[in-house]
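# Coordinates for the following, if possible.
(4 chains)
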4 protein chains.
Amino acid sequence: MSKGTVVLAYSGGLDTSCILVWLKEQGYDVVAYLANIGQSEDFEAAQKKAESLGAKKVFIEDLRAEFVEEFIWPSVQANAIYEDRYLLGTSIARPCIARRQVQIAKQEGAQYVSHGATGKGNDQIRFELTCYALYPEVKIISPWRIPEFYTRFKGRKDLMQYAENHAPSDLYLMTKNPDDSPNHPDVLEIEFNRGVPVRVTHLKDGRSEDTPLDIFSFLNEIGGKHGVGRIDIVENRFIGMKSRGIYETPGGTILYHAHLDIEAFTMDREVRRIKQGLGIKFSELIYNGFWYSPECEFVRHCISKSQENVEGKVQLSVFKGQVYILGRESPKSLYNEELVSMDVQGDYDPCDASGFIRVNAVRYHCRLQGDLKK
Amino acid sequence: MSKGTVVLAYSGGLDTSCILVWLKEQGYDVVAYLANIGQSEDFEAAQKKAESLGAKKVFIEDLRAEFVEEFIWPSVQANAIYEDRYLLGTSIARPCIARRQVQIAKQEGAQYVSHGATGKGNDQIRFELTCYALYPEVKIISPWRIPEFYTRFKGRKDLMQYAENHAPSDLYLMTKNPDDSPNHPDVLEIEFNRGVPVRVTHLKDGRSEDTPLDIFSFLNEIGGKHGVGRIDIVENRFIGMKSRGIYETPGGTILYHAHLDIEAFTMDREVRRIKQGLGIKFSELIYNGFWYSPECEFVRHCISKSQENVEGKVQLSVFKGQVYILGRESPKSLYNEELVSMDVQGDYDPCDASGFIRVNAVRYHCRLQGDLKK
Amino acid sequence: MSKGTVVLAYSGGLDTSCILVWLKEQGYDVVAYLANIGQSEDFEAAQKKAESLGAKKVFIEDLRAEFVEEFIWPSVQANAIYEDRYLLGTSIARPCIARRQVQIAKQEGAQYVSHGATGKGNDQIRFELTCYALYPEVKIISPWRIPEFYTRFKGRKDLMQYAENHAPSDLYLMTKNPDDSPNHPDVLEIEFNRGVPVRVTHLKDGRSEDTPLDIFSFLNEIGGKHGVGRIDIVENRFIGMKSRGIYETPGGTILYHAHLDIEAFTMDREVRRIKQGLGIKFSELIYNGFWYSPECEFVRHCISKSQENVEGKVQLSVFKGQVYILGRESPKSLYNEELVSMDVQGDYDPCDASGFIRVNAVRYHCRLQGDLKK
Amino acid sequence: MSKGTVVLAYSGGLDTSCILVWLKEQGYDVVAYLANIGQSEDFEAAQKKAESLGAKKVFIEDLRAEFVEEFIWPSVQANAIYEDRYLLGTSIARPCIARRQVQIAKQEGAQYVSHGATGKGNDQIRFELTCYALYPEVKIISPWRIPEFYTRFKGRKDLMQYAENHAPSDLYLMTKNPDDSPNHPDVLEIEFNRGVPVRVTHLKDGRSEDTPLDIFSFLNEIGGKHGVGRIDIVENRFIGMKSRGIYETPGGTILYHAHLDIEAFTMDREVRRIKQGLGIKFSELIYNGFWYSPECEFVRHCISKSQENVEGKVQLSVFKGQVYILGRESPKSLYNEELVSMDVQGDYDPCDASGFIRVNAVRYHCRLQGDLKK
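Residues are numbered from 1 along each chain as shown, chains lettered A, B, ... in the order given. Okay, the predicted model is just below:
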C-alpha cells in the first residue's frame, strides 16, 4: 500500500531521476514536476523519462512569464544584489518553482513534496521555507539530508560537487566569453514605468519588445552575446559556510545598471538612501529563502511604493562584457539643468551655501562651558 | 564503564537534580557546576545535595565580579535594550556562566557539558553557542530536547511552565512593589569613566561604592527598594515564537538612564547616531546568544571606542519605580552654554541659519528641465 | 505704501507682539494667526491684543483635532522618539501650525510669513521647511535672525533664555509632581486599530472616549494627574548645538508604552525590526523639520503599512509617574500559548533546536583549507 | 595697507588666476598653493604664473604619497562607493588638499584661505568643512559665492559649466576608450594586508610594485590602458541638487573589485554585513565633506578594525573596461573546502539543516490562541 503521494521537483537529470526511483522504492506514489523558468531543456524527453521511471503523473509547467513579472521585476526595482556582487538569479527562481509545486501538491492531494537540493546549500532552504509558508502542513522529503539515501548515492554527488568547485569557464551557458564577443556594441533603449521595464528597443535595427518575458529574453540574448554578467565569487551561505559561486546574469546585469540610472534620475536623494537600505535587506532575505515571509512582503511593498515616479528611458551600450549608460530622459526627472548651471542663479542663492557650511561645522566647535544641573 | 565525564550546569533545584541523576543513569560521570552571579541561593546546601545525588565533583564558582565587569559594563556602554524594552539581564548571564563551565570541562577532561534549559527557549541557544565558540569539539547533552527524558519528566515541567506563564506579581525577588515603596526618594550621583560607572554616591547619607561589583549591588539595592525596573512584556524569541517575559532589573534600569544621559552630554550627535545603530545590533546579538561571535566582538570593540569621552557625573533621584535625571557635569561636556544662549552670539551667526534652511529645502524644488544625454 | 502682507504666527505673548509692531514699522500689513493646538491660552484676549496692536486681520484656528489625527497618531504608530528619550511633542506641532499659516497666506494673497522662533533653535527650521515645501515662492521673515531686530530686542530675549536654561520644576504646566500625585493608580484600557487608539476606557469609573481628540485629552488628563512623562535632557539640535530640553508629554508617554506593547503582540519579529529602523529615521526627520519631505512621506507610508494588524486592547496602570502594562488581548495576536508551552509539542519538535543551534555555530569553525583559483 | 594674508588653493588655470588677481585688488597678500595629488600639470609653469600675477609666495606641494596612504587606502578598506556607483576620487582629494593648505596658513600666519570651487557644488563644502575642522578661527574667502566677484566673472564660468554639462567623451584623461583598448588582457596579482594593497605584480612581465604610491600609479596605468572605471552618472549633491558626473577611476576600480573579493574570502559573514553598513555611511560622509568629523574618524576606526584579517592575494584580469577576478588565496581564508564539499561530512551533519529550516519557519505559523493578562 502506498505511503501517500509525493510531488517531486524533477529536473530530468540523473540526480532527481535517482530520487524518483528511490521514492518509489520507499513506497510513495510520485508525481514528477518540471518547471520551465527559461532554462534550455528538452522538456518532452524529460517527461518521457519521468514516465518511464514510474511517475504516476508528470507536470511540465511554463513559469517563465510569472517568473519575470512576479520575481525578477521586484528584484530589479530593489536593485537587489547580495554581498555587493551577486544578482540573485537562482535565489528568486526557488520560491517561484516551489510555489507551483505546492499548488500541484494541494491539487493532487499530496501530503509530501521532495527536491534534489543538497544538504549544505541555500536552495534547500529557499525551497522548504516557501513550502512551509504556503502549505504549512506539508511534509518535505529531502533525500540529500537522509543518511540512507546520501550514503548510497554519495559517489555520484562527489563528482558533481567536484565539477562545481573546479568549474572551467565553459561552464557558462548563456554568455559568450568577452574575448570572443563582437567588436561592435549593441545600443539599446530601455523604457521604465514604476521601476520596471516596459519596453526595450534596439536603436540600430529597431527591434522592440514590450512584454515582460520578451523584454527579459531579449536582454539575455544581447547580454549573452557580449559576455555581460559573469562573476566568479566567494559568497556566504545562510548555512554559515563560504562557498564559491560562478554565475552569469546577462539580462539581469543590463537591467541592474539601467534601473540604477533611471532611479537616480527620478528619485529624491533621501528617499533613495532609505530605499537603498531596504534593498540590501531585501537581497539578504531572498538569498536566505524568505521570499514568502511577512518581512519580505513588507519590504517589497515599501520598495514598490518608492518606485512610483521611476519612469523614463535609459540609453545604453553593451560591449565586451560591459554596460555603458549613454543617457536618460524622463517626464519625472528631478534633474534641473537651470538650477545646477552656473549662469542662472534661479531660486538658488550661492550665499546660502556659506550659512549651510558654517552651520554644518557648528558641531566641531563645541567646547566645555559649564555643567547642567537643576 | 563510564561513557565519559559531563559537566552539568547545576542550579540546586529539582530540575537539574533530576538531570544529574538521569545523566548518571545513562552512564556518565557527572561534575556539578553552580555559578554564583548574584542570585540568592544556599550554595552550601546545593553543594551537599549534588554530592548526595552522586556528583563526582562539585564546583561552586563566584562569577559576580567578572559578570559585572565583562558582561554588564559593556551592555551599559551599549545602552543595550532588546525590542525597546528588555534590558537583557539573563541574556548576558548565559555566556558568562557557560564560559566557566567550558573552562571546567577542559580542566576536568570532560568531553560533555549539559544544562537544564528548555527546548523552546533562548537560554539553550545562548548556552550552546557559547560552548561551541569556546570549545568547538564539545558534545552537548540537552535533556529537555531528548524525547526519552522530556517524556518522562514532562509533568513537572508543565507545572513550572504554568507558573511562568501565569506568574503573580510576587514573582519579583529583587524589587518592591512601587505601591509599597518609600514615600521619599533616594538621590544618587553616578560617576562614569569611558562609559562605565566608577563610583556611586548616595548624596544624603554619603555612602559611596567604587568597585564594579559594589556599585552594581548598591544600585540593585536602591532600585529594588523603590520598585525600579519591573516589566511585563511580550518578546520575540530567537526560535521564532512570541513569549511573555516578566523581568526586574533595578540596578540595570538606573544605569541605563544615567548612561544615556552622560552619553548625550559628551558624545557628538552623529557619532551617537551611528553608535545607536550598533547598540541595537549588539542587543539583538546578545539576546540571540551570539556574545562570543566575530560580529559581537567587532561591535563591542566599536562601541567601546565610542565611549572614550563618556565621562562625568550624573545626579538622579529614584522614587516609586522611576529614575529622574537631575543634572550632569563633565570635563568632556560638549554642551556649550555660551553658544546655545541668545545673549551671546559668539562664533555663531544666526543669519547662517537662513542659508542652512534654504539649502535644506533645495531638494523640494527640483523640477523637470530637460534630459541628460550624450 | 505697504510692502505687502505678512502672516505672522502670533502667540499672544510679548515676544510676537513686538514682532507684530516691528513688522508694521517696516511697512507690512500684518495678519495675525494664532493656532490652538491644545495649549491653555486666552484666545479672545490674544485676538483683542493683536487687533489693538494693528493687525489687519486676526485668525484664531482650532487645529486640535487635525493635530491629533494627522500628526500625533502617525508618531504613535512609529513609536517616534528622538535620541531614545524625547517624544517629539513640539516637533510635530510646528508643521501642523505652519501648514495652516501657509493656507491663510495663500488665501489672503500674502507673499510673506513670519514667526518668533529664535535663530539657534529647531523651531525656525521646522517652521520654514514646512513653508518652503507647501508654498515654494513664499518669503520668510525671521526677525530673530535679522540683526536690526535682535540687537534692539536682545535684552528681553536674554531673560527668556535664562528662564529656559535655569527652569525650576514648576515650569511644568500639564503634569503634577509625582511626589504630590495620588496614592492610587488609575487603570485604563486603550483599544487600538491599525496602530492608532480608537477608544480609551477608565476601567473603574467606566468613562470612555472614542474620538481622537477626546482620547488624547483624556490621556493627557490622567497622565498629568499622575506626573507621567516629564523629562529633563540634553539633546542635539539640528543646528549642531547641544541644548537642554525640559518636556512633559503625559498622554504621549502613555500611548508610547501602550503602542509598543500591542505592536509587540501582533507584529512579526522581523517586520518589527525593519519598522524599528524606519521609526528611528522618522523621528530624526521630524525632529529636524522634514515632516513635509519626500522621504518623510515615504517613511510614513511604510510605517502605516506595517500597522495593518496592530489591533487589540492594552490594559495599563498609571501611577506616580509610571505606566505599567497589565495585559493585552488581540484578535490579531501572534502569541501562541500552545506553541510556547512546554506541555504541548504541537508542530514544534524541540529536537529541531539542536540543528538550528549547530547550524548557527557553523560560521565559528571555518578554517583554512585551501585557495580558490581557476 | 594689507588686509592680511590669504592662502589660495591655486590650480594654475585661468579660474584661480582671476581669483589671485582679484584678491590682491581687494587688498590681500596672496600666498599661492598648488597641490600635486597626481594630476598631470606643469607645476613649474604654474609657479611662474602665480609669481608673475603677484603671489607673495608660492608653495608647490607633493601630496601624492600621503593622498594614497591616508585617503585612498582607507576608502579601499571601506569599499567606499557613493550611491552604488561613484568611487569618490575627487571627494577624498579635497580634505587632503585643504589639510596642507591649513598647515601653510598657520605656518605663514595667514588668517584667510581661499579656493576656486563654485557655489553650487560639493567641493566648496569638502574644502571648507576641512578648514573649519582643522583651523576653527580661519576665515574663508569663497569668491564664487561673492556677488561682486561672480557677477564680474560670470561669462567665463558659464563656458566651463557648459563644457562640464555637455562633455564629449574625450573628456577622459586617464582612460582609453574601451573600443580602442588592447585586445589582450593584462593579468595582475594584488596582495593585501590588513585590507590595503601591499604589492601588485604583473603576472606575465613580472613587474612588481610595493610602495603605496607606486602600486596605485601602476594600477592607474593598467586600468587606464584598458579603459577601466569610466562612469557617466546622475548624482545627488549635498546641496540638494542632482548633477551629472563623468568620472574615471581606473586604479580605484581595480582595487574596488580586488578588495571586495579578498574581503569576502577572509571576513566573517556577519562582520561583513555590519561593516557594509559602516562603509555606506563612510561614503556619504566623505562625499558630503565630513572627512574630518568626529563620526568619520569613528567610522574609519571601526572599518580599520574590521580589516585585521583581510589578507591575501587576488589574481585578476583587466580587459576592455572590465576587471575579472580569477582567483584568490589567503592564510586567513575562512573558505573551508572540506566543509563545503559533499563528500566529506566533517563536523557538519546535513540533518541539522532540517531543524534549522523548520525553526526558521516557526514564525510563519503563529496563530491566535489567547490573550495575555495578569
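# which bits of chain A sit near chain C?
Where chain A comes near chain C, counting by C-beta under 8 Å from any C-beta of the partner chain, the residues are A:136, A:168-169, A:232, A:234, A:239-242, A:244, A:268, A:270-271, A:273-275, A:277-278, A:281, A:290, A:293-295, A:298-299, A:301-302, A:305-306, A:347, A:359-363, A:366, A:372, A:374. (Glycine included, C-beta is placed from N, CA and C.)
# pLDDT weak spots in the stretch 1-150 of chain A?
Counting by pLDDT under 70, the stretch 1-150 of chain A shows no low-confidence range.
# so where do the strands sit in it?
A:5-9, A:29-36, A:57-62, A:112-114, A:139-141 (DSSP state E, counting those that start in this stretch).
# before we move on, back to that, show me just the buried residues among the residues of chain A next to chain C.
A:232, A:234, A:239-242, A:244, A:268, A:270-271, A:273-275, A:277-278, A:281, A:290, A:293-295, A:298-299, A:302, A:305-306, A:359-363, A:366, A:372 (16 or more other C-beta atoms under 10 Å in any protein chain shown).
# Filter those down to the ones in helices?
Mapping those onto helices (DSSP state H) picks out A:270-271, A:273-275, A:277-278, A:281, A:294-295, A:298-299, A:302, A:305-306, A:359-361.
# Quick check: which of these are also close to chain D?
Answer for these near chain D (C-beta under 8 Å from any C-beta): A:R273, A:P294, A:N360, A:A361.
# do stretch A:123-142 and chain B meet at all?
No - on the criterion C-beta under 8 Å from any C-beta, stretch A:123-142 is out of touch with chain B, staying 11.2 Å away.
# what's the spacing between that stretch and its chain's center?
19 Å (C-alpha atoms, centre = their mean, to the nearest Å).
# Alpha carbons of that stretch, as PDB, please.
Taking C-alpha atoms only, stretch A:123-142 is exported to PDB below (Å, rounded to 0.1, in the frame of the first residue of the first chain):
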ATOM      1  CA  ASP A 123      18.500  26.000  -2.300                       C
ATOM      2  CA  GLN A 124      17.100  23.500   0.200                       C
ATOM      3  CA  ILE A 125      16.200  26.400   2.500                       C
ATOM      4  CA  ARG A 126      14.700  28.600  -0.200                       C
ATOM      5  CA  PHE A 127      12.700  25.700  -1.400                       C
ATOM      6  CA  GLU A 128      11.500  24.500   2.000                       C
ATOM      7  CA  LEU A 129      10.700  27.900   3.600                       C
ATOM      8  CA  THR A 130       8.500  28.600   0.600                       C
ATOM      9  CA  CYS A 131       6.700  25.200   1.100                       C
ATOM     10  CA  TYR A 132       6.300  25.800   4.800                       C
ATOM     11  CA  ALA A 133       4.900  29.300   4.200                       C
ATOM     12  CA  LEU A 134       2.400  28.300   1.600                       C
ATOM     13  CA  TYR A 135       1.400  24.800   2.700                       C
ATOM     14  CA  PRO A 136       2.100  24.700   6.500                       C
ATOM     15  CA  GLU A 137       1.100  21.100   6.900                       C
ATOM     16  CA  VAL A 138       3.300  19.700   4.100                       C
ATOM     17  CA  LYS A 139       5.900  17.100   4.800                       C
ATOM     18  CA  ILE A 140       9.100  17.600   3.000                       C
ATOM     19  CA  ILE A 141      11.400  14.700   1.900                       C
ATOM     20  CA  SER A 142      14.900  15.900   1.300                       C
END
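# Give me the buried positions along it.
Across stretch A:123-142, burial judged by 16+ other C-beta under 10 Å covers A:123-135, A:138, A:140-142.
# burial of A:R194, as a residue count?
15 (other C-beta atoms under 10 Å in any protein chain shown).
# now swap in A:F216 and tell me
26.
# cool, the one 3 residues further on as well?
Counted with other C-beta under 10 Å, the burial measure for A:L219 works out to 25 neighbours.
# where does the stretch 201-350 of chain A have low pLDDT?
In the stretch 201-350 of chain A the weaker segments, taking pLDDT under 70 as the threshold, are A:342-347.
# Please parse chain A into its domains.
A:5-70+A:88-166, A:178-329 (automatic domain parsing).
# Distance from the chain centre to the longest one, please.
This means domain A:178-329. With C-alpha atoms, centre = their mean, you get 9 Å for domain A:178-329.
# how long is it end to end?
Taking C-alpha to C-alpha, to the nearest Å, domain A:178-329 runs 30 Å from one end to the other.
# wait, does that domain make contact with chain B?
Yes - interface with chain B: domain A:178-329 contributes A:F265, A:D268, A:R269, A:E270, A:Q315, A:L326, A:G327, A:R328, A:E329 (C-beta under 8 Å from any C-beta).
# and which of those is nearest to D:F216?
Checking the residues of domain A:178-329 next to chain B against D:F216 by C-beta to C-beta gives A:L326 as the nearest, at 29.5 Å.
# Quick check, the closest one in contact with D:D232.
Yes - using C-beta atoms under 8 Å, A:L326 makes contact with D:D232 at a distance of 7.4 Å.
# if we can go back for a sec, tell me the one of the ones next to chain D among the ones in helices among the buried ones among the residues of chain A next to chain C nearest chain C?
A:P294 (3.9 Å; C-beta to the nearest C-beta).
# Can you give me the pLDDT of the residue of chain A found nearest chain B?
Going by C-beta to the nearest C-beta, chain B is nearest to A:G355 of chain A, at 2.4 Å. Listed pLDDT for A:G355 reads 95.
# Report the spatially nearest residue to it, omitting neighbours in sequence.
B:G355 (2.4 Å; C-beta to C-beta, 6 or more residues apart in numbering or on different chains).
# now A:G89
That would be A:T249: by C-beta to C-beta, 6+ apart, it lies 5.0 Å from A:G89.
# For the one you found, list the residues it contacts.
A:L87, A:G89, A:G229, A:I231 (C-beta atoms under 8 Å, 6 or more residues apart in numbering or on different chains).
# Using a markdown table, lay out those residues together with distance to A:F153 and neighbour count.
Listed next are those as a markdown table, based on distance: C-beta to C-beta, whole Å; neighbours: other C-beta atoms under 10 Å in any protein chain shown:
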| residue | distance to A:F153 | neighbour count |
| --- | --- | --- |
| A:L87 | 32 | 25 |
| A:G89 | 27 | 17 |
| A:G229 | 33 | 26 |
| A:I231 | 30 | 17 |
